[in-house]
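Q: Predicted model and sequence follow; I will ask about them next.
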Amino acid sequence: MKRTLLLLALAAAAGAEDHPWSVVDAVLKRAGRGNSDGSWTVVLPRDDVVVKTGLGMDTPWELGLNSFATFHGDAPEYSIVVGDTCMLAHEVQPAIDALRAGGLEIVALHNHMLTDEPRLFFMHFQGKGRAVDLAKAVRAAWDELGKPAPAPAPLRKDGAPEVDWKRVGGILEVAGASPREGFCKFTRPRHRLQGRAIDDRPIGAGMGKACWAAFYACPCGLTKVMGDTCVVREELQGAIDALRKGGLHVTGIHNHWLGTTPEVMFLHFEGEGDAQARAHAVRAAWKVLRK
């Protein structure tokens, strides 16, 4: 009996090694499964985090708290990958950086629940190329999961910084609204981006087809910036890269309308620090936008 079980186990292992997607499993260090359409999915459960709802209910990972990567194509020389990564807040930016360094596209960033504690975020991605290279990029992002959160730097009470709002506007090449109580908002309409959506009607800047960045000079001595960047698909990855290079956090990627032509998406961001330095980071992302 033991000999039979051993032979079956060896046969199964040999079969797994001969599977065309075994290279993916080897890189991700997890056994995948085949799907009826010929694709191959590897799942990473988020079973290292105890998640509860606002009512105090347990939320097991089987309810969808997991990362996955699904590969399809002529493995291993060429394939596509689509997937999702389940992250705690402090893991979002490192995972984005890892996927982008591996040449994968970030597709969406959002939440799946409203009252989860701790908060979880989900980032969808896609890419194409050699299966092993795609798997390495996914693995690099998944390696960021489970790392401890860095200790937050204590806020000082240095008083609100004196911000030269005219200078900030000059960096952004946009005139700001009249500043009040340490707050100033800068908006860049995308008039030349021709977009159509509902009932094939044009979408104007007044309907939200614009970029904006709002700054607040905090009494803690830092300046907070939050904003949104209106992009078409071919601009999205470059804008993400520019924001991250400038030290800003990507906080959301989604659409505001359905059926737009061209496909229009919105990239939300935030950051703290020196107002002019943060303005340069925003401007770098806006420079990516096509004329």
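A: Looks like it arrived, so ask away.
Q: where along the protein do the helices fall?
A: Remark: helices assigned in the chain by DSSP state H are 2-18, 22-28, 92-101, 131-142, 165-172, 233-245, 275-287.
Q: Figure out how far the second one is from the centre of its chain.
A: By that I understand helix 22-28. Computed by C-alpha atoms, centre = their mean, to the nearest Å, the chain-centroid distance of helix 22-28 equals 24 Å.
Q: Alpha carbons of it, in CSV - could you do that?
A: Extracted in CSV, the C-alpha atoms of helix 22-28 (Å, rounded to 0.1, in the frame of the first residue of the first chain):
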residue,chain,number,x,y,z
SER,A,22,5.3,24.4,-14.3
VAL,A,23,7.7,27.3,-14.7
VAL,A,24,5.0,29.6,-13.3
ASP,A,25,4.4,27.4,-10.3
ALA,A,26,8.1,27.2,-9.7
VAL,A,27,8.6,31.0,-9.7
LEU,A,28,5.5,31.7,-7.6
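Q: buried sites along it?
A: Within helix 22-28, the residues scored as buried using 16 or more other C-beta atoms under 10 Å are Ser22, Val23, Val24, Asp25, Val27, Leu28. Using the backbone N, CA and C atoms, a C-beta is placed for each residue, glycine as well.
Q: So for it, mean pLDDT?
A: Averaging pLDDT along helix 22-28 yields 95.
Q: which residues make contact with it from outside it?
A: Around helix 22-28, the neighbours that count as contacts under C-beta atoms under 8 Å, 6 or more residues apart in numbering are 16, 19, 31-32, 40, 42, 44, 69, 71, 75-76, 131-132, 134-136, 138-139, 142.
Q: in the sheet, who's paired with the closest residue to Asn35 other than its chain neighbours?
A: In space, and not counting its chain neighbours, Asn35 is closest to Thr41: 6.1 Å by C-beta to C-beta, 6 or more residues apart in numbering. Thr41 forms beta bridges with Arg33, Thr70, as assigned by DSSP bridges.
Q: and Thr41, how many neighbours?
A: Thr41 is flanked by 17 other residues according to other C-beta atoms under 10 Å.
Q: pretty sure it is touching Asn66, no?
A: No: if you go by C-beta atoms under 8 Å, Thr41 and Asn66 don't touch, sitting 10.7 Å apart.
Q: For the chain, give me the ranges with low pLDDT.
A: Across the chain, the ranges flagged by pLDDT under 70 are 1-18, 75, 291.
Q: Okay, buried residues for stretch 272-284 please.
A: For stretch 272-284, a neighbour-count test (16+ other C-beta under 10 Å) marks Glu272, Ala275, Arg278, Ala279, Ala281, Val282, Arg283, Ala284 as buried.
Q: Ok, stretch 160-174 next?
A: Quick answer for stretch 160-174 (16+ other C-beta under 10 Å): Pro161, Val163, Trp165, Val168, Gly169, Ile171, Leu172, Val174.
Q: How about stretch 221-233?
A: Using 16+ other C-beta under 10 Å as the test for burial, stretch 221-233 gives Leu222, Thr223, Lys224, Val225, Met226, Gly227, Asp228, Thr229, Cys230, Val231, Val232.
Q: Closest one to Gly238 out of these, please.
A: Set against Gly238, the nearest of those by C-beta to C-beta is Val231 (8.6 Å).
Q: so where do the strands sit in the stretch 151-291 of the chain?
A: 183-189, 210-217, 223-232, 249-254, 264-273 (DSSP state E, counting those that start in this stretch).
Q: Kindly reformat these as a markdown table and extend each row with distance to Leu114.
A: Formatted as a markdown table, those follow (distance: least, C-beta to C-beta, whole Å):
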| stretch | distance to Leu114 |
| --- | --- |
| strand 183-189 | 27 |
| strand 210-217 | 24 |
| strand 223-232 | 20 |
| strand 249-254 | 15 |
| strand 264-273 | 18 |
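Q: wait, which of these is closest to Val81?
A: Here strand 249-254 is closest among the strands of the stretch 151-291 of the chain (C-beta to C-beta), at 17.8 Å.
Q: tell me the angle that closest one makes with helix 275-287.
A: Angle of strand 249-254 versus helix 275-287, following axes from the mean of the first three to the mean of the last three C-alpha atoms, to 10 degrees, is 30 degrees.
Q: All set, thanks.
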